[in-house]
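> let me see the structure of the following:
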Amino acid sequence: MGIILWLILGLIAGALASAVTHNSAGLLLDIVLGIIGALIGGFVMNFLGFSGITGFNLYSLLVAFIGAVILIYIGKALTPNKK
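Predicted coordinates:
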C-alpha cells in the first residue's frame, strides 16, 4: 500500500508543478516529476537545514512540489527553444 501512496503523492506534486509552470507533461510524466522532485526537494530542504520528506503528509507534498518545479525549470533551461 505504501508504494501506491507514494505514486499518488508524486502524481499530485507533479501535476501541481506542471500546472504552475505551464508545462504540459502527461499523467506518467507528472508522476515521475513528482517522485524525482521529492528526491530533489528533500536534498534542497536538507541543504537548507530543514527535514526532507517525512512521510505521506502535506509537508512532504510541498517538498516534492518544490523539487518538481526545480526539475521542470532545469529541464527548460537545458532544452533548446523551439521556434
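> so where is this protein shaky, pLDDT-wise?
1, 25, 82-83 (pLDDT under 70).
> count of neighbours near Thr21?
17 (other C-beta atoms under 10 Å). Where C-beta positions appear, they are placed from N, C-alpha and C, glycine not excepted.
> which residues are in contact with it?
Going by C-beta atoms under 8 Å, 6 or more residues apart in numbering, Thr21 touches 69, 72-73, 76.
> okay, and the residue lying closest to Leu27 once chain neighbours are set aside sits in which element?
Of all residues not flanking Leu27 in the chain, Leu11 sits nearest, at 7.3 Å (C-beta to C-beta, 6 or more residues apart in numbering). For Leu11, the host element (DSSP states H and E) is helix 2-20.
> what packs against that helix?
Judged by 3 or more C-beta pairs under 8 Å, 6 or more residues apart in numbering; DSSP states H and E, the packing partners of helix 2-20 are helix 27-47, helix 58-78.
> give me the buried positions along the last one.
Yep, that's helix 58-78 we're talking about. 60-61, 63-72 (16 or more other C-beta atoms under 10 Å).
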